[in-house]
Every structure is written in C-alpha cells, then in structure tokens.
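In: Just the structure for this:
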Amino acid sequence: MDVAGQAITILAVVVGALTTHVTNHLLERQRMRHLLLTRWDERKLETYAEYIDAVRTCIYSAVMLYEARTGLSPSERAATSLAEELTEAEGVRSRAFERVMLLAEDQVIEAAHSINTATKAIDWRARGTTEGPLEEWRELNREAFRAINRFHESARADLGVLGAFQGADHSARALILPESRREGQATADGE
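Out: Next comes the predicted model:
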C-alpha cells in the first residue's frame with residue numbers, strides 16, 4: 001500500500017472514532033437530560049398529590065368542625081378538639097404549598113393560590129370567624145372543588161399528561177352536601 005492509501009485509511013479510522021465518540025457523548029447527554037426530567041416529574045407528581053391530599057384533609061376537618069359548631073351533624077368530639085385538628089391540617093397544607101411553590105410552573109402556582117383562597121374561606125366559616133347561611137357554606141365548598149379541578153388541569157399540563165377534564169360535567173361532581181333542613185320537614189330518606 002502506498003503512503004496516500006495508508007493516510008486515507010488512518011484518516012478514516014480517526015474520523016470514525018471521532019464520530020463514534022461524539023455520537024456516544026450526545027446520546028449519553030440526552031439520556032441524562034431525560035433521566036433528570038423524569039426525576040423532576042416524579043417529584044412534581046408526588047408534591048402535587050401531597051398538596052391535594054393536605055387540601056382535602058383541611059376541607060374534611062373544616063366540614064367536621066362546621067357541622068359540630070352549627071349543630072348540622074352531632075359530633076362526639078368537642079369543637080376545641082376539631083378546631084385543633086383543623087389547625088394541624090392547615091399547617092400540613094401550608095408546608096405542602098411551599099413544596100408546590102418550589103417545583104411548579106406559574107399556572108400551577110396560581111391554581112394553588114386559588115385553592116388556598118377558597119379553602120381559607122371554608123376554614124374561617126367553620127371556625128365561626130365569618131358567618132352566613134348554609135347555602136353560602138355550600139357555595140364555598142363548591143368553589144373550593146372548582147379550584148381543585150383547575151389545579152388538577154394545570155398540574156396535568158405541567159406534567160405533560162394528555163387529556164382534559166370535561167369542564168362543568170366534572171365540576172358538578174363536587175362535594176355532596178346535605179340538603180338544608182327546614183323546621184318540621186323530613187329529609188329525603190325519611191329521617
């Protein structure tokens with residue numbers, strides 16, 4: 001083989017090695033980027049789920065306190081115990097919200113702010129800080145669940161989950177609240 005042929009062979013081997021090295025480097029970089037995105041998506045999903053769980057616990061605690069305080073539903077537990085439980089649930093919700101603030105994009109954070117506003121109104125009504133009729137209490141709960149649904153939609157978009165809620169159809173499945181009882185009127189199940 002002449003010198004020119006050997007130089008071409010050596011050049012081809014060097015170009016092949018460089019191409020293989022660059023390709024492997026780019027593929028490894030892409031794989032690492034994908035792993036990081038997946039890891040953050042998993043963290044976000046956990047954070048969003050924990051936040052909604054904390055929100056629902058607050059709502060449940062507020063409902064228990066409201067019903068006991070207003071006599072809507074008798075409770076074996078004292079109102080002070082229920083109020084303490086609500087205070088503890090609010091602390092968990094606040095800490096979960098802070099994690100949302102660290103990981104979420106703007107739309108999810110705004111949706112979480114809306115939930116906090118709606119659920120604080122429920123908390124205040126349950127504690128007796130604000131007053132109003134039962135129908136207004138029900139509307140506060142409906143608004144909280146609409147805010148939760150908006151949060152779900154924003155979180156799904158942030159996580160890249162395909163599909164969407166069915167708008168008003170889904171929101172109509174909110175918290176089921178007891179009908180108002182009029183004096184002397186039996187409830188639907190004959191109580």
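
In: now the helices: where do they sit in the protein?
Out: 3-70, 79-103, 106-127, 134-159, 168-171 (DSSP state H).

In: any idea which of those scores lowest on pLDDT?
Out: Sorting the helices of the chain by mean pLDDT places helix 168-171 lowest, at a mean of 52.

In: Let me have the helices of the chain in JSON lines, extended by mean neighbour count.
Out: Every C-beta, even on glycine, is put in place using the N, C-alpha and C of the backbone. Shown next, in JSON lines, are the helices of the chain (neighbours: other C-beta atoms under 10 Å):
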{"stretch": "helix 3-70", "mean neighbour count": "14"}
{"stretch": "helix 79-103", "mean neighbour count": "17"}
{"stretch": "helix 106-127", "mean neighbour count": "20"}
{"stretch": "helix 134-159", "mean neighbour count": "19"}
{"stretch": "helix 168-171", "mean neighbour count": "12"}
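
In: I'd like the distance between Glu76 and Leu82.
Out: Per C-beta to C-beta, to the nearest Å, Glu76 is found 11 Å from Leu82.

In: so what's Ser154 up against?
Out: Taking C-beta atoms under 8 Å, 6 or more residues apart in numbering, we find Ser154 in contact with 107-108, 110-111.

In: Please report the distance of it from Ala147.
Out: 11 Å.

In: which residues do these two both contact?
Out: Ala111.

In: any idea how far Glu28 is from the closest residue to Gln107 other than its chain neighbours?
Out: Nearest residue to Gln107, sequence neighbours excluded (C-beta to C-beta, 6 or more residues apart in numbering): Ser154, at 4.4 Å. The gap separating Ser154 from Glu28 is 33 Å, by C-beta to C-beta.
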